[in-house]
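A.B. asks: model the structure of this input:
(one chain, ligands or ions: 1)
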Amino acid sequence: MKELKNLMISVSGVRGIIGDGLTPEIAMQFAQAYGSEFPGRVVVGRDSRVSGEMLKYAVWSGLMAVGCDVLDIDLASTPTTALVTERPDHAGGIILTASHNPKQWNALKLLAPDGLFLRQKQGEKIVNRVENADYNLVAWDKIGRVHVFQHAAEQHIDAILNLSLIDVDLIRSKKFKIVIDCCNGAGAAILPQLFAALGCVPIFLNQEPNGLFPRNPEPVPENLGDLSRAVLEHNADLGLAVDPDVDRLALVSEEGNPLGEEYTLVLVTKFVLSKTPGDVVVNLSTTRAIDDIAKQVGGRVFRTKVGEINVAVKAKQIGAVIAGEGNGGVIYPELHIGRDAPVGIALMLQYMAESGKNMSALHASVPHYSMIKDKIELGFAADARAIVNKLAEQHADENINTLDGLKLLYENSWIHIRASNTEPIIRVIAEAPTTEQASAMVEVFKKKVKDFS
Ligand code: MG
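C.D. replies: Numbering: from 1, shown residues only. Alright, predicted model coming up:
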């Protein structure tokens, strides 16, 4: 990743604040570069951000200028866009979303033709083209055209309903009452139809896809107070929260208790492995409860660098039956290899329907650890990686893993310190038997980082 004019540029795309770095010109340049590298028909989807439409037309212009056709699926979840992209007649896909970042942010997330995010080499080629203004611009009679496709969400839902683990009639028979908080994001483009197909009684909060997030859009417990209250008020079976581009899912029990986003993947993993034993891929920051569960059924756990593409590539390589990230990102490879909240929802409803247990009981059945996720703000100018490297040198003779920043492993706890790929911050995550222990570890290492910066 390099930093340029207040932009975060990485192999998966370009991210910035609208009016202070990310402009239509930048979006068009990246689209021209992308289309030069992946000629053909390119899928373009967006989340609900206010800047989404402005950037969409800039991306269209860039793609058409290098001879690409655009398949416009407009407002769509990130997993929906990925699923359409992986169809063999499509050359690639671009998603306009800054995921859980605040509403003033947006980004171009670049997909490879297989629907996974760009790999390192593919991404570097795009960035080089932008840096050198190296675009395959075409003459007037070769410019691309725009095609509108309105069935993307429908196809995504059909694919979920056809999964072998999903028994639609069984889920429908339960008539689950569910409160769901979409944070005014792209969830509105797919979840109403999904719940209708599964015979649920949904109560939506923040369903207007207008990009005006009424709260911090990250689906972590401290942001889900309204959802918890609504679950109790409506006497619902379950509360759900998705992030603005619908690739992260958080669960709230029927008691109004937010389980914490780590437990989405823990519960889905337990269910999937109980039906189809096999291997699991997660990132280095994901809870060790995953290891405990895999051990029970004899499955192996592979850990990768943080970042969806790292988990996805490994999951594809080893043929994982379930994968994902502890931030609520469920990857169910039988559907496709990308984080997908709608498939996470369907698997959880199947788990509840099949087990006959409520969410509190399912949550009580898995191992529990306390995790603290913190961060240190650095500003665009700081060299976060250098700071983490210095810290790693200081701890070189301990039990460490330096695949991605520094992870220190202790007997019953761990702490992971790494530079974020998407924001100018250092993330500090610790897991221990108690919150106090995890919190104490985080404070010690935050102080160390500050001393170095
Ligand atoms: Mg997201």
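A.B. asks: near the ion, which residues of this protein are found?
C.D. replies: Ser99, Asp243, Asp245, Asp247 (CB under 5 Å from the ion). In this view, the C-beta of every residue, glycine as well, is placed from N, C-alpha and C.
A.B. asks: and those, which of them are buried?
C.D. replies: By neighbour count, with 16 or more other CB atoms under 10 Å, the residues of the chain next to the ion hold Ser99, Asp243, Asp245, Asp247 as buried.
A.B. asks: the first one and Glu423, how far apart?
C.D. replies: Right, Ser99. 11 Å (CB to CB, to the nearest Å).
A.B. asks: can you add pLDDT and secondary structure and give the buried ones among the residues of the chain next to the ion back as JSON lines?
C.D. replies: Listed next are those as JSON lines, based on pLDDT from 0 to 100; DSSP: H, G, I helix; E, B strand; the rest coil:
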{"residue": "Ser99", "pLDDT": "91", "secondary structure": "coil"}
{"residue": "Asp243", "pLDDT": "97", "secondary structure": "coil"}
{"residue": "Asp245", "pLDDT": "97", "secondary structure": "coil"}
{"residue": "Asp247", "pLDDT": "97", "secondary structure": "coil"}
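A.B. asks: and for the one residue in the stretch 301-450 of the chain that gets nearest to the ion, the neighbour number?
C.D. replies: In the stretch 301-450 of the chain, no residue comes nearer to the ion than Arg339, which is 7.2 Å away by CB to the ion. Residues near Arg339, counting by other CB atoms under 10 Å, number 29.
A.B. asks: now do the SS call for the nearest residue to Leu71 once chain neighbours are set aside.
C.D. replies: Setting aside the residues directly before and after it, Leu71 is nearest to Val43 in space (CB to CB, 6 or more residues apart in numbering), at 4.6 Å. Classification of Val43 by DSSP: H, G, I helix; E, B strand; the rest coil places it in strand.
A.B. asks: list the residues that contact Val43.
C.D. replies: When contacts are counted by CB atoms under 8 Å, 6 or more residues apart in numbering, Val43 is found next to Leu71, Ile73, Thr81, Val84, Thr85, His90, Gly92, Gly93, Ile94, Leu111, Phe149.
A.B. asks: looking at this, the first one is in a helix?
C.D. replies: What that stands for is Leu71. No. Counting by three-state DSSP, Leu71 falls outside a helix, being strand.
A.B. asks: surely it meets Arg145?
C.D. replies: No. Taking CB atoms under 8 Å as the definition, Leu71 is not a contact partner of Arg145, at 10.2 Å.
A.B. asks: neighbour-wise, which of these two wins?
C.D. replies: A side-by-side neighbour count of Leu71 and Arg145, using other CB under 10 Å, places Leu71 first with 23 against 9.
A.B. asks: other residues contacting whatever helix or strand Ala241 lives in?
C.D. replies: Element membership for Ala241 (DSSP states H and E) is strand 238-242. Residues outside strand 238-242 that contact it (CB under 8 Å, 6+ apart) are 176-183, 185, 187, 191, 219, 223-224, 227-228, 230-231, 248-254, 256, 258, 341, 345, 348-349, 352, 359.
A.B. asks: switch the cut-off to 7 Å
C.D. replies: Outside strand 238-242, the residues that touch it by CB atoms under 7 Å, 6 or more residues apart in numbering are 176, 178-182, 185, 187, 219, 224, 227-228, 231, 248-252, 254, 341, 345, 359.
A.B. asks: can you tell me which of these are in strands?
C.D. replies: Among the contacts of strand 238-242, the ones falling in strands (DSSP state E) are Ile178, Val179, Ile180, Asp181, Leu249, Ala250, Leu251, Val252.
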